[in-house]
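*Asks:* for reference, the sequence and a predicted model appear below.
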Amino acid sequence: MKRKDYISWDEYFMGVAILASKRSKDPNTQVGACIVDNNNIILSTGYNGFPFGCSDDDYPWCRDGEDTKYSYVVHAELNAILNARGKNLKGARLYVDLFPCNECAKAIIQSGIAEVVYLYDKYADSAATVASKRMLQSAGVACRKFTSDKKSLSIDFEK
Ligand SMILES: O=c1ccn([C@H]2C[C@H](O)[C@@H](COP(=O)(O)O)O2)c(=O)[nH]1
Ligand SMILES: [Zn+2]
């Protein structure tokens, strides 16, 4: 008889997005994204970080002041779209732990992604998130909050 406690597709892909976020060096908010096609095949992943050649140790991670991370960081969703390296993303699903900002929404729409599954919406009241939701709705990109009956998944490196 088959196992019953296997994880759902949503848990699997959100788990991959969260795992990708663990690569982020951002001290305040780590974001991961995973793009999946209609056959549940992973097309790409990404997390928030600086562009190639821009050292994590030299560029600023601060949120305030003259020179902040916001000028440099590539968002997780955009990194995942760019990491797909031109694969066809039409009709794909994007799993992401933070609701996408307006700039990511533009890239999501233009790349043909059809659905966004997000984990949390901590900047729901910000102008960027309000604009993002407006554009995603106008473009017909479905957005749904991730749900699961599990609180967590664990990974063991020892069997
Ligand atoms: O759509 C988004 C929005 C934000 N991010 C990244 C950009 C930053 O590295 C953090 C946000 O930092 P805060 O300190 O919480 O302002 O999240 C992203 O990847 N995707
Ligand atoms: Zn963004």
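*Replies:* Everything's here; your move. Numbers count the residues shown, from 1 in each chain. Ligands and ions are numbered 1, 2, ... in the order given.
*Asks:* interface residues of this protein facing ligand 2?
*Replies:* 75, 101, 103-104 (C-beta under 5 Å from the ion). Just so you know, the C-beta spots here come from the backbone N, C-alpha and C atoms, and that holds for glycine as well.
*Asks:* which residues in the protein form strands?
*Replies:* Using DSSP state E, the strands found in the chain span residues 32-36, 42-47, 93-98, 115-120, 142-145.
*Asks:* export those strands to JSON lines and tack on mean neighbour count?
*Replies:* JSON lines is the format used below for the strands of the chain (neighbours: other C-beta atoms under 10 Å):
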{"stretch": "strand 32-36", "mean neighbour count": "28"}
{"stretch": "strand 42-47", "mean neighbour count": "22"}
{"stretch": "strand 93-98", "mean neighbour count": "26"}
{"stretch": "strand 115-120", "mean neighbour count": "18"}
{"stretch": "strand 142-145", "mean neighbour count": "13"}
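*Asks:* possible to save those strands as TSV with mean pLDDT and distance to ligand 1?
*Replies:* Shown next, in TSV, are these (pLDDT from 0 to 100; distance: least, C-beta to the nearest ligand atom, whole Å):
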stretch	mean pLDDT	distance to ligand 1
strand 32-36	99	8
strand 42-47	98	7
strand 93-98	98	6
strand 115-120	98	10
strand 142-145	98	13
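*Asks:* out of those, flag the one nearest Ala131.
*Replies:* Of all the strands of the chain, it is strand 142-145 that lies closest to Ala131, at 13.6 Å by C-beta to C-beta.
*Asks:* what ranges does this structure have for its helices?
*Replies:* 9-21, 76-83, 102-111, 127-138 (DSSP state H).
*Asks:* looking at those, which is buried most?
*Replies:* Compared across the helices of the chain, helix 76-83 shows the largest average neighbour count, a mean of 24 (mean count of other C-beta atoms under 10 Å).
*Asks:* ok, and what's touching it?
*Replies:* With C-beta atoms under 8 Å, 6 or more residues apart in numbering as the test, helix 76-83 has contacts from 17, 20-21, 24, 31-35, 44-49, 74, 89, 94, 96-98, 100, 103-104, 107-108, 111, 113.
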